[in-house]
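# need a 3D model of the sequence below.
(one chain, ligands or ions: 1)
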Amino acid sequence: MARLVIVSNRVAIPGDRALKAGGLAVALKEALGPSGGLWFGWSGDIVAKPSDEPTRASDGRMEYATLDLSAEEHETYYAGFSNATLWPLFHYRLGLIDFRRAQLKGYLAVNARYARALAGLIRPDDTIWVHDYHFIPLAEMLRRLGVRNPIGFFLHIPFPAPEVLSALPGYEQLAHALLAYDLVGFQTEIDRHAFERCVIEHGQGSLDARGRLVSGERRATTGVFPVGIDVDEFAAWAKKGETARETRQLTESLTGRKLVIGVDRLDYSKGIPKRLEAFESLLSTWSEHRRKVTFLQVTPISRGEVAQYKSLRKELEALAGRINGKYAEFDWNPIRYLNKPVARPTLAGFYRHARVGLVTPLRDGMNLVAKEYVAAQDPENPGVLVLSHLAGAAQELDAALLVNPFDPEGVAEAIHKGLVMPTDERRDRWRRMRTVLGHTTQRDWSRRFLAALADTRTPAHAAA
Ligand code: GDG
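Model (predicted):
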């Protein structure tokens, strides 16, 4: 069987605890673990003189090959261009972009270094699957080094509309670089269509009779592959987690109050400040919920070295403090704001106990928390998902209470509706969502992507 080579910024080497709170690592590890293969990316270490020779490791099933970064590479490629330009741009936050030419140069240089190291590891029958915005130019660079293997790319985050992408200096090269992949996959049809429009409207390529994007020698197929979760495993964790020590401690501490839960990496795309405002609006408009509801927001620190993330952290601390100051009583605090990560099986137990799951990103590729919350519910007494219509997950989970995350009063109204919703309606909405989740599990996601990638090399497909 052909070997699968995965490329992603961080590699989930066994025992690496730093990676637990992130959608990409979660999606890849569980979906691709059983098939084995080679996982290539950054080690997570910053060193004075990084070697161009990857460090190898193996756990018997998967092999791992990692490179270190220099402080300058980390600053330009990772914190700079990837996370202070591409991330805000692709999440439609033009005002947060901090573009610098030196960062773009560093991004291209790291991609070139990775391509050289990876080319040395590739076997003729390998299939290469590259993940996310850190590696947009990687296939183009691998092709220049003579790599002819099938190479697929999956974007975990949204792809912006052409009008937004064009704010990026040099956006034409970036869009064109994606055409060097055989298959470019997106979370939703909205993202796939935005990419197609970018390529066509900015003159980078055109559609052929098979719907591929063509430019000179390049022929890229595009597709939609919504990331899913392992629903049964998550449901089993949640059931077990119901009686786990931490869940018992949580429920005892609530003394009969209803729980509203939010779980997100500390990231401005997740809309956490607006969500806290929404909870404040709930307490001010529906005073019957005061003392009766507790909001638990679990927010592990993420990308703490990037300026915009530091200021968000301060903003959230001030906001949670202010709202608690305004409404707390000696025996009740409306908001419990945690910066610590919580173990996944424990999270599952917490989700199951929460009457309302609040998932209100301002823009999100998919959002796995929304799916995990649904999977974790008790079928007889399920909670209510309040979901931003700007999350990719809303394309599938349309039986949630869909909200506009920029409208705290609207979100407050949905929380209220969730808190008072009759059991029949909760069950009905939950069943519809649970059915959808069963159609796009994590394993289906990788299987469908890899089958589509293999398909791009069949003679029928290759003939234009
Ligand atoms: C990117 C895209 C897309 C969170 N807190 C803790 C914790 N988590 C876990 C959640 C979930 C994952 O992290 C977060 O996944 P999301 O999908 O919500 O978000 P991103 O990290 O931004 O992921 C996103 C995803 O890639 C996959 O394609 O859905 O749109 O932005 O699994 O449970 N896990 C633990 N403790 C925590 O405190 N253990």
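
# and the spatially closest residue to I229 that is not a sequence neighbour, what does it touch?
Of all residues not flanking I229 in the chain, K371 sits nearest, at 4.7 Å (Cβ to Cβ, 6 or more residues apart in numbering). Heads up, the C-betas are built off the backbone N, CA and C, glycines and all. By Cβ atoms under 8 Å, 6 or more residues apart in numbering, the residues touching K371 are 228-229, 231, 393, 397, 437.

# do that again at 10 Å, thanks
226-231, 234, 359, 385, 393, 396-397, 433, 436-437, 440-442 (Cβ atoms under 10 Å, 6 or more residues apart in numbering).

# how many neighbours does the single nearest residue of the stretch 51-200 of the chain relative to the ligand have?
Nearest residue of the stretch 51-200 of the chain to the ligand, counting by Cβ to the nearest ligand atom: H156, 3.7 Å away. By the criterion of other Cβ atoms under 10 Å, H156 has 23 neighbours.

# right, and it touches D132 too?
Yes - the criterion here is Cβ atoms under 10 Å, and H156 meets it with D132 at 5.1 Å.

# you'd agree V260 is up against G357?
Yes - using Cβ under 10 Å, V260 makes contact with G357 at a distance of 8.0 Å.

# where do the contact lists of those two overlap?
By Cβ under 10 Å, 6+ apart, the residues touching both V260 and G357 are 383-384, 386, 418.

# PyMOL command for the buried members of these?
A single PyMOL command selects the buried members of the shared contacts of V260 and G357 (16 or more other Cβ atoms under 10 Å):
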select buried, resi 383+384+386+418
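
# need the max-distance pair from the shared contacts of V260 and G357.
G383 and V386 (9.8 Å; Cβ to Cβ).

# which residues touch G304?
266, 310, 313.

# out of these, which is most surrounded?
L266 (19 neighbours).

# wait, it sits on K340?
No - when contacts are counted by Cβ under 10 Å, L266 is not listed as touching K340 (11.1 Å).

# one step back: out of the contacts of K371, list just those in strands.
359, 385 (DSSP state E).

# quick one on the thing from earlier: give me the pLDDT value at the residue nearest to I229.
Looking at K371, its pLDDT is 98.

# hang on, it in a helix?
Yes - the assignment for K371 is a helix, going by DSSP: H, G, I helix; E, B strand; the rest coil.

# if I look at it, how far off is A235?
According to Cβ to Cβ, to the nearest Å, K371 stands 11 Å off from A235.

# tell me, what's touching the two both at once?
What both K371 and A235 touch, as defined by Cβ under 10 Å, 6+ apart, is the set 229, 437.

# low-scoring pLDDT stretches of the chain, where are they?
1, 15-35, 460-464 (pLDDT under 70).

# which elements pack onto the lengthiest strand in it?
Taking DSSP E as the criterion, the chain has its longest strand at strand 37-46. Strand 37-46 sits against strand 4-10, helix 23-32, strand 55-58, strand 62-69, helix 71-73, helix 101-119, strand 127-131, with contacts defined as 3 or more Cβ pairs under 10 Å, 6 or more residues apart in numbering; DSSP states H and E.

# who are the packing partners of the first one?
Spelled out, it's strand 4-10. Using 3+ Cβ pairs under 10 Å, 6+ apart: strand 4-10 touches helix 23-32, strand 37-46, strand 62-69, helix 101-119, strand 127-131, helix 138-144, strand 151-154, helix 442-455.

# parallel or antiparallel, which strands does the third one pair with?
If I follow you right, that is strand 62-69. strand 37-46 (parallel), strand 55-58 (antiparallel) (DSSP bridges).

# look at Q297 and give its secondary structure.
Looking at Q297 with three-state DSSP, the answer is strand.

# count of residues packed around it?
21.

# identify the bridge partners of it.
Taking DSSP bridges as the rule, Q297 bridges to G262, Y337.

# now do R56
A65.

# who's in contact with it?
By Cβ under 10 Å, 6+ apart, the neighbours of R56 are 38, 63-66, 121.

# and if you look at V147?
So V147 contacts 115, 118-119, 122, 124, 126, 128, 138-139, 141 (Cβ under 10 Å, 6+ apart).

# give me that answer again for 7 Å
By Cβ atoms under 7 Å, 6 or more residues apart in numbering, the contact list for V147 reads 119, 122.

# could you find the closest non-adjacent residue to R290?
L283 is the one closest to R290 (Cβ to Cβ, 6+ apart), at 5.5 Å.

# an error on my part: the question was meant for H416.
Per Cβ to Cβ, 6+ apart, closest to H416 is W286, 5.0 Å.

# mutual contacts of L266 and K340, please.
Here L266 and K340 have P300 as joint contacts, going by Cβ under 7 Å, 6+ apart.

# can you count the residues close to the residue in the stretch 201-350 of the chain that the ligand sits nearest to?
Closest residue of the stretch 201-350 of the chain to the ligand, Cβ to the nearest ligand atom: P341 (3.5 Å). Residues lying near P341 (other Cβ under 10 Å) number 19.

# repeat that for the one 3 residues further on.
Look at R344: counted by other Cβ under 10 Å, it has 15 neighbours.

# tell me the residue furthest from the middle of the chain?
F330 (38.3 Å; Cα atoms, centre = their mean).

# so how far is R291 from that residue?
11 Å.

# name the residues of stretch 300-317 that are buried.
300, 302-303, 306, 308-309, 312-313, 316.

# next one: stretch 43-58
Quick answer for stretch 43-58 (16+ other Cβ under 10 Å): 43, 46, 50, 54.

# and what of stretch 259-274?
Of the residues in stretch 259-274, those buried (16+ other Cβ under 10 Å) are 259-274.

# restrict these to contacts with the ligand.
Filtering those for proximity to the ligand by Cβ under 6 Å from any ligand atom leaves 263, 265.

# what's the neighbour count on F99?
17.

# is it in a helix, a strand, or coil?
coil.

# so which of the contacts of G304 are in helices?
Using DSSP state H, the subset of the contacts of G304 located in helices is 310, 313.
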